[in-house]
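Participant: Predicted coordinates and the sequence they were generated for:
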There are 4 protein chains.
Amino acid sequence: MSKALNIGMIGYGFMGRAHSNGYNRVPNFFDTEYVPVLKTACARNKEKVQAFADTWGYESIETDWRKMLERDDIDAVDICVPNNLHKEMAIAAAEAGKMILCEKPLAMNAEEGIEMCEAVEKAGVKNTVWYNYRRVPAVTLAKNIVDRGDLGKIFHYRANFLQDWTISPDVPQGGAAVWRLSAEEAGSGVTGDLLAHCIDTAIWINGNITSVTAMTETFIKERKHQDTGEMLPVNIDDACAFLARFENGSLAIFESTRYARGHKALYTLEVNGENGSLSWDLHDLHHLKYFNHDDESIVRGWRDIHVSDGEHPYMDKWWVPGLQVGYEHSFVHHVADFCKSLETGEECGPTFRDALETQKVCDAVLNSAKSKSWETIN
Amino acid sequence: MSKALNIGMIGYGFMGRAHSNGYNRVPNFFDTEYVPVLKTACARNKEKVQAFADTWGYESIETDWRKMLERDDIDAVDICVPNNLHKEMAIAAAEAGKMILCEKPLAMNAEEGIEMCEAVEKAGVKNTVWYNYRRVPAVTLAKNIVDRGDLGKIFHYRANFLQDWTISPDVPQGGAAVWRLSAEEAGSGVTGDLLAHCIDTAIWINGNITSVTAMTETFIKERKHQDTGEMLPVNIDDACAFLARFENGSLAIFESTRYARGHKALYTLEVNGENGSLSWDLHDLHHLKYFNHDDESIVRGWRDIHVSDGEHPYMDKWWVPGLQVGYEHSFVHHVADFCKSLETGEECGPTFRDALETQKVCDAVLNSAKSKSWETIN
Amino acid sequence: MSKALNIGMIGYGFMGRAHSNGYNRVPNFFDTEYVPVLKTACARNKEKVQAFADTWGYESIETDWRKMLERDDIDAVDICVPNNLHKEMAIAAAEAGKMILCEKPLAMNAEEGIEMCEAVEKAGVKNTVWYNYRRVPAVTLAKNIVDRGDLGKIFHYRANFLQDWTISPDVPQGGAAVWRLSAEEAGSGVTGDLLAHCIDTAIWINGNITSVTAMTETFIKERKHQDTGEMLPVNIDDACAFLARFENGSLAIFESTRYARGHKALYTLEVNGENGSLSWDLHDLHHLKYFNHDDESIVRGWRDIHVSDGEHPYMDKWWVPGLQVGYEHSFVHHVADFCKSLETGEECGPTFRDALETQKVCDAVLNSAKSKSWETIN
Amino acid sequence: MSKALNIGMIGYGFMGRAHSNGYNRVPNFFDTEYVPVLKTACARNKEKVQAFADTWGYESIETDWRKMLERDDIDAVDICVPNNLHKEMAIAAAEAGKMILCEKPLAMNAEEGIEMCEAVEKAGVKNTVWYNYRRVPAVTLAKNIVDRGDLGKIFHYRANFLQDWTISPDVPQGGAAVWRLSAEEAGSGVTGDLLAHCIDTAIWINGNITSVTAMTETFIKERKHQDTGEMLPVNIDDACAFLARFENGSLAIFESTRYARGHKALYTLEVNGENGSLSWDLHDLHHLKYFNHDDESIVRGWRDIHVSDGEHPYMDKWWVPGLQVGYEHSFVHHVADFCKSLETGEECGPTFRDALETQKVCDAVLNSAKSKSWETIN
């Protein structure tokens, strides 16, 4: 007999949809003891949140998140709002004894993140952060291959996250739709939005980063505010690149920008080890490229693994070999794993504590861009 | 206010899942007046159909499809059973005044197909056949590009559908799981299962086929029956290739096999016209390759279109540019189009009549393989 | 001490350049006992052949090929002229005791080819036909992989040769530059020009072809003659596709056209066997794709072999791993192998006899296109 | 009537072969007034240089390069020896009034480079440095596209040069064969060997670099000397990555390593501009990828330009569209351009002065890796 996991969702934007779809699809494809129930959707705008609730099948709505936290029929709170609101909501939710699924990045900075970690750990509530790319099957497979040692000692890691949607100076800043261009709400630009993904995956696969040196740039210095029309200085990073060293001795380069014409969401990663290499690319997320130096030399070459076989992570739940899954499946997998973790009592990574590590690297990166020197991460 | 489209599903196999997922997801992503309601799922095995209904949220079950046809609360019947049962069910459903969504291929042969067409047309019930690949956004885009004349006169069409799952002689035949290897239930092998997809798309994009010459092969002559263990002759085509001519003067080659090691579901198509060419591949279904001869010569080259922009067919309903959709989305699109067709009163292709054209080509192909001569299609 | 292999070249066109470059470069890169010496270049147009000789370093010129055959200082004759002249020259060269390197296809048809084979065999002169693609390192590697049995039983072979240079109706026919569009000089269109390459490689890798069924088309029915300006019927095949069966039980499809917009010289081949598959493509001739079913399943995928390592065929003679060779190297390899065959006394395939087999398939293909029925090859 | 350009080559290694092949092939493919004549080859080892001269057709040999400089029949000196010898030879050659074609990098460091520039400029002798990748047709095409403004304002540049040949600790250092692993002879590791190429192309395409911050690593700290067998510290950089800013405001990342398993000579570059992007890769050097934002949005995508058409740089000299050239052709093009520059009196870039700019960046990179801070380039 299945047990309900009653969800209270705060927010109704892009990520609200992605998460809701995740909750909805788990019972169709995964056989978990705990099954998500879309109990309530919460946002200040009553009309909009009602429309969202209708679309996704939430049983009720709330317009005050603090009130939602008081409800006994909510087991878990999903925080899907701009970054500057994460801390307050997460701490309150923890204090209310709710489990928390928090959108990434964890917080505006590591300082906030530490408070949040302490809150959930003190309250003993299950917590996870939606770094969804860990659960793209090809990325999970990459992690498994590295973990079983196939690559040997790692020498290099490199990751890019390239977009091109802010090249036009006509893109405004501010407001609900484009809060990502506002430092007040987003904390940073590409660093927290895009590089945070790259860093989370990197730490997961390759261990901790110990030092970085970075540069950032804001190519378009002023943009109109979308609500007021006022021309305001842009105070987020349009582009950021950094060099890094990992605890395991490997070197890394990371780069992100919203000014790479022709790339929409090109998150690529590559790992080079003594015995092999792996590379992956979000634009073809169902492939993993793998070079195995142990292959006989005359027939050695990069393998293009079509990650669609039943033996690949998560793929036995979907269709048949050769038929690809897409972007949203990563969220379904996260929900399924969260449900399973309720059964097993294990953590469902990345926890707040895991995500804090990423936050620290982001902070160091932004600091280094200002100080123009290497920064270490403790 | 939305209107219910009450679905009665017959079958619970692979396609039963794909269609159910289609029905379930339309209201989350598409804004249609008619909204599918999973009213009942029907199959002989009560236990299995109940489990299926529970997973997908069907309100009730039936074990006798004829009884289901008598129910007033069923608007549309979805036929998801082996090919040899399509005709009987479809005709009965038409006579009961139900709309029909029939799994492909339409029938065991064109003769059956004609009866089915006559039944639905006489009854005046809406009907469609699940040739889902038409609604992969990249394939729809290809159709649109051809339709607006960008390629000019078409010279060549080629399509392959390559798999490798029956290479082992240990794969059995017969029974529910592997009825595709049995001529009694499937009608044919790769011709009806795989080439039918290629032919449907080809006719849709490039018009009717007028003549073919074909060869077929059964590489493994005998396989055990999975229920009885008896070694029986294999009477379906493991592989089929044919040459074809289209009404518009273009030439074509088609090939399908389940013996192409390394290919899981490699449906590829290419069209070459006077001014441009297009190619597509199911293993990377979110890409469309396009060569435009009108590009300036020194920078001319095949374009790799990442079909994930809001302007691409269906893609405004999903995520943001750069984020890919997968296999199952083609079924969601089919359901959405079916719902919209109820609003507009237009047909939702391919209709039975459209699918009959594909059936005729399949028949001609199989006949040609036997007669070893060119066969014409009327 | 090296021995001279004195070459007498007939012709100075595209192939004359490719072969001359082959002769010139062998001593720079290969260590062979016999070293080609460009003794004389022969053609009717004295001025043009003199310019050609100056460019390539031929020691002398001739304007009468029969006179050249009388010279004692010519060891080998290279026939680089339109197909309708091969037979006469080759037979005369054989009778004069000269070795022969004949441009492909061997002849206008198998009947001519038989006479030519008989002539060289009677004279006991070394002979070879310039099917150069055998000696692209990646193709040679493919042959080696198949020969050592890595693919197991072969089920499928497919090859295409796609071009787009005759789509414009303004391309003329006839004369030296475009003799390939004239049946009188070329014998056929794409069949002898392009498919002959595909067939030669196929037979080499996969054994003899036993039967075929074909279709051909001439899309533009009339073209101006380039010298006279007269509008004349086009009597060659613009496009040709055929189905085939090999002696080893495998099935094949072959296609060639000069109307595939976007493809300049896209010769692709693929072989599917029980345990693996191979594919190759002339537009990236330094790659070989290889699927090995014996790889561990979760990391199985098509390997992209960059054929540039010292262990790959011929590659130890060139640069270092990662640095690619190009089109013309295939001719250099052919010359090097021809020189080595003088040392070893072995044949340098494809011999006239080998090339006759390809000619027979071409004849059967053209016959089948006319008869509209399967044709067998003896 | 052609004029001789008499070449005196110093060295006979890998680059000696590549350059010699360049000299030899120009008269076969290019129609230049000045034609290279391989006058003499010079090296200390008489036997080896004689063998080299025999292979490539040098008319004579020398064992003392200073003596060669005294010869009147030498017009140009080609310096193909380890980096620590460039300065002395180049200055002496300039003083002897010889033109100089110097292998890259120009010198051990910028200080040396300045002396060399002054020497050639004082002597007024034509000079060029063999940064051959500029003359890969696809790279030249990239330059042309950027120069005519198609990309608009440039935001990003990134380049990698990845190899894997020193991963094994058994690779020795020192001596003629592996002088690249010795700081005394090479000056640096990957920075001068590989990144210098990336920097030369970057400056050529995107203008000067103004500041950098870098990290280097030596993964294997000790290697045996290949002659003495003694275990010695490795004092070159195995890997180097740096961030950079260009004068035009764009940002860049550069990385090179000999520890990227699976990459043999993977030099990749990418440029992102306001209106378009370009990318290129040495492993497929005959392709250029181009994204043109001005293309109609629904059919917009990265174009894969097969740089083999007659309108592409240098390609009218070779074969026909679709047929690719390889690595060595870049040297042939350099020689052809050098010959043409004698005719026109223009410079043949990169001159020593151009190459000095690259040297300055290399110095800044190595300094930054030590200082752990940003370094500026004047």
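Facilitator: That came through, no problem. Numbers count the residues shown, from 1 in each chain, chains lettered A, B, ... in the order given.
Participant: Show the average pLDDT along stretch A:313-323.
Facilitator: Taken as a whole, stretch A:313-323 has a mean pLDDT of 97.
Participant: check whether that stretch contacts chain C.
Facilitator: No. Judged by Cβ under 8 Å from any Cβ of the partner chain, stretch A:313-323 stays clear of chain C, getting no closer than 8.9 Å. Just so you know, the C-beta spots here come from the backbone N, C-alpha and C atoms, and that holds for glycine as well.
Participant: The spatially closest residue to A:Leu269 that is not a sequence neighbour sits in which helix or strand?
Facilitator: In space, and not counting its chain neighbours, A:Leu269 is closest to A:Ala159: 4.3 Å by Cβ to Cβ, 6 or more residues apart in numbering or on different chains. According to DSSP states H and E, A:Ala159 maps onto strand A:154-162.
Participant: what about dumping the CA coordinates of the helix or strand following that strand to PDB?
Facilitator: As assigned by DSSP H and E, the chain's next helix or strand after strand A:154-162 is helix A:183-186. Extracted in PDB, the C-alpha atoms of helix A:183-186 (Å, rounded to 0.1, in the frame of the first residue of the first chain):
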ATOM      1  CA  ALA A 183      21.700  40.800  -8.400                       C
ATOM      2  CA  GLU A 184      19.300  41.600  -5.600                       C
ATOM      3  CA  GLU A 185      17.100  38.600  -6.400                       C
ATOM      4  CA  ALA A 186      19.600  36.300  -8.100                       C
END
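Participant: how far does the helix or strand following helix A:183-186 sit from the chain's center?
Facilitator: For helix A:183-186, the following helix or strand on the C-terminal side (DSSP H and E) is helix A:190. Centroid separation for helix A:190 versus its chain: 13 Å, with Cα atoms, centre = their mean, to the nearest Å.
Participant: quick one: helix A:190 near chain B?
Facilitator: No. Applying Cβ under 8 Å from any Cβ, one finds helix A:190 separated from chain B by no less than 14.4 Å.
Participant: what's in contact with the next helix or strand along the chain from that helix?
Facilitator: Downstream of helix A:190, the first helix or strand assigned by DSSP H and E is helix A:196-206. Contacts of helix A:196-206 with the rest of the structure, by Cβ atoms under 8 Å, 6 or more residues apart in numbering or on different chains, involve A:104-105, A:131, A:133-134, A:139, A:142-143, A:146, A:154, A:157, A:159-161, A:209, A:246, A:248, A:250, A:252, A:254, A:256, A:267, A:269, A:271, A:349-350, A:354-355, A:357-359, A:361-362.
Participant: how close does the closest residue in space to A:Thr140 that isn't next to it in sequence sit to C:Glu296?
Facilitator: Residue nearest to A:Thr140 in three dimensions, not counting chain neighbours: A:Pro313, with 3.9 Å by Cβ to Cβ, 6+ apart. Separation of A:Pro313 from C:Glu296 (Cβ to Cβ, to the nearest Å) stands at 15 Å.
Participant: Show me which of the two is the more surrounded one.
Facilitator: A:Pro313 (19 against 9; other Cβ atoms under 10 Å in any protein chain shown).
Participant: Quickly list what the nearest residue to A:Cys102 once chain neighbours are set aside is bridged to.
Facilitator: Nearest residue to A:Cys102, sequence neighbours excluded (Cβ to Cβ, 6+ apart): A:Ile79, at 4.5 Å. With DSSP bridges as the criterion, A:Ile79 is bridged to A:Ile10, A:Cys102.
Participant: Would you agree A:Ile79 is in contact with A:Ala90?
Facilitator: Yes. Under the criterion of Cβ atoms under 8 Å, A:Ile79 makes contact with A:Ala90 at 6.2 Å.
Participant: Who has more neighbours out of those two?
Facilitator: For the pair A:Ile79 and A:Ala90, the greater number of neighbours falls to A:Ala90 (28 against 25), based on other Cβ under 10 Å.
Participant: how deep is the nearest residue to A:Ala107 once chain neighbours are set aside tucked in, by neighbour count?
Facilitator: Of all residues not flanking A:Ala107 in the chain, A:Gly113 sits nearest, at 4.2 Å (Cβ to Cβ, 6+ apart). A:Gly113 is flanked by 27 other residues according to other Cβ under 10 Å.
Participant: pretty sure A:Gly113 contacts A:Thr351?
Facilitator: No. Counting by Cβ under 8 Å, A:Gly113 does not reach A:Thr351; the two are 11.4 Å apart.
Participant: joint contacts of these two?
Facilitator: Counting by Cβ under 8 Å, 6+ apart, nothing touches both A:Gly113 and A:Thr351.
Participant: Could you report the separation of the residue nearest to A:Ala186 when sequence neighbours are not counted from chain B?
Facilitator: Counting by Cβ to Cβ, 6+ apart, A:Arg180 is the residue found nearest to A:Ala186 once chain neighbours are left out, at 5.1 Å. A:Arg180 is 12 Å from chain B, where distance means Cβ to the nearest Cβ, to the nearest Å.
Participant: repeat for A:Ser279
Facilitator: Taking Cβ to the nearest Cβ, one finds A:Ser279 at 16 Å from chain B.
Participant: Repeat that for A:Ser182.
Facilitator: Applying Cβ to the nearest Cβ to A:Ser182 and chain B gives a distance of 18 Å.
Participant: so what's whichever residue of the stretch 51-200 of chain A sits closest to chain D up against?
Facilitator: Nearest to chain D, among the residues of the stretch 51-200 of chain A, is A:Phe155, at 4.1 Å (Cβ to the nearest Cβ). Listed by Cβ under 8 Å, 6+ apart, the contact set of A:Phe155 reads A:250-251, A:272-274, D:167, D:219, D:239, D:257, D:259-261.
Participant: can you rerun that using 7 Å?
Facilitator: Counting by Cβ atoms under 7 Å, 6 or more residues apart in numbering or on different chains, A:Phe155 makes contact with A:250, A:272-273, D:219, D:257, D:259.
Participant: Just send those back as JSON lines, with neighbour count, pLDDT and distance to C:Ser279 too.
Facilitator: Output for the contacts of A:Phe155, formatted as JSON lines (neighbours: other Cβ atoms under 10 Å in any protein chain shown; pLDDT from 0 to 100; distance: Cβ to Cβ, whole Å):
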{"residue": "A:Ser250", "neighbour count": "24", "pLDDT": "98", "distance to C:Ser279": "35"}
{"residue": "A:Asn272", "neighbour count": "27", "pLDDT": "98", "distance to C:Ser279": "27"}
{"residue": "A:Gly273", "neighbour count": "27", "pLDDT": "98", "distance to C:Ser279": "28"}
{"residue": "D:Phe219", "neighbour count": "21", "pLDDT": "97", "distance to C:Ser279": "36"}
{"residue": "D:Thr257", "neighbour count": "29", "pLDDT": "98", "distance to C:Ser279": "31"}
{"residue": "D:Tyr259", "neighbour count": "26", "pLDDT": "98", "distance to C:Ser279": "31"}
